[in-house]
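In: I would like the atomic coordinates for the input below:
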Amino acid sequence: MTSAPNTIVLIHGLWMTPLAWEHWAARYEERGFTVVTPGYPGIEPGEAGVAALREDASAIAGVGVREVLEHLAAVIDTLDSPPIIMGHSFGGTFAQLLVGAGLGAAGVSIDGAAVKGVNAMPFSELRSVLPVLKDPANAHRAVPLTAEQFHYAFTNTLDEKASLAAYSRYAVPTPARILFQGGLASVTPHAATTFDFADGDRAPLLFVSGGSDHILPRPSSGRTTRRTRSTRRRSPRTPSSTAATTSPAASPAGRPSPTSPSTGR
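Out: Just a heads-up that it's a prediction; the model follows:
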């Protein structure tokens, strides 16, 4: 009998660093999991990583989807056993793509950005990313958000004081190339965000959407879930393993799993 995964890889989203997972990592570690929080190439952990990017973000200016995927895959390859791969925002997209590439025992995409083949950009999402996409020259830059832009895109359910505290602790410039690659995927042959929706042999995926999310609202993640469910080829030995929820995955008592038991293979 295969043992349950005991390692969780947490992948941050754009305008973030591994520090954004500090409370999640502590929660899972307290429950006996090994937690790995890799950054993108050029993004270091902790408060020092945040400070370094605010001082000079040139090291990440040219980083794109494939560079991040190769970097994360190399980290996962060093682990003793396949982990649960969990990501938020574009980190959720990376989690989905890594599972699609055959890595991990399971994947969790929390408010994940759309992969190629999912064409949805509600107004709130467009407004959130417009500060980057409005200037094509940004494709080769690392672009920050202002505190006001961050409040709309990330912390819209918080008051101004709490939003500013989150911005001050976590927000950094992001490699805009990733956003351009994601946004133009539908017209890009062999796009870096290409995902095989019909693969019936990949590990299970859980999609989680936030009802009040601005930067990646429910219609975006909902279309990803429906597309995956409707086109997946299931092998005779593999039950349905794609699920969706509108709240964070609950963990059972005792030694919890960050994925719902119903999504297990």
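
In: please count neighbours and contacts with C-alpha atoms only from this point.
Out: Will do.

In: I'd say I8 and F33 touch.
Out: Yes: in this structure, I8 is within contact of F33 by Cα atoms under 8 Å, at 6.9 Å.

In: neighbour count winner among these two?
Out: Comparing I8 with F33 by other Cα atoms under 10 Å, the one with more neighbours is I8, at 25 against 18.

In: that's a strand at the more buried one, yeah?
Out: Yes: counting by DSSP: H, G, I helix; E, B strand; the rest coil, I8 is part of a strand.

In: give the bridge partners for it, please.
Out: V35, I84 (DSSP bridges).

In: what comes up buried for the host helix or strand of V50?
Out: Remark: V50 resides in helix 46-55, with elements defined by DSSP states H and E. Judged by neighbour count using 16 or more other Cα atoms under 10 Å, the buried positions of helix 46-55 are 49-51, 53.

In: could you pull out the helices for the stretch 1-150 of the chain?
Out: Shown for the stretch 1-150 of the chain, the helices assigned by DSSP state H, counting those that start in this stretch span residues 22-30, 46-55, 65-77, 90-100, 123-133, 147-153.

In: give me whichever of these is most buried.
Out: helix 90-100 (a mean of 26; mean count of other Cα atoms under 10 Å).

In: gap between Q96 and M86?
Out: As judged by Cα to Cα, to the nearest Å, Q96 and M86 stand 9 Å apart.

In: now for these two: what residues contact both?
Out: Listed contacts common to Q96 and M86 are 107-109; contacts here mean Cα atoms under 8 Å, 6 or more residues apart in numbering.

In: counting neighbours, which of the residues you listed comes out on top?
Out: G107 (32 neighbours).

In: before we move on, back to that, which of the helices of the stretch 1-150 of the chain comes out lowest on mean pLDDT?
Out: Lowest mean pLDDT of these: helix 123-133, a mean of 72.

In: let me know the pLDDT of the residue lying closest to V143 once chain neighbours are set aside.
Out: Spatially, and ignoring its direct neighbours in sequence, V143 is nearest to P173 (4.7 Å; Cα to Cα, 6 or more residues apart in numbering). We note a pLDDT of 97 for P173 in this prediction.

In: so what sits against both of I8 and F33?
Out: Contacts common to I8 and F33, judged by Cα under 8 Å, 6+ apart, are absent.
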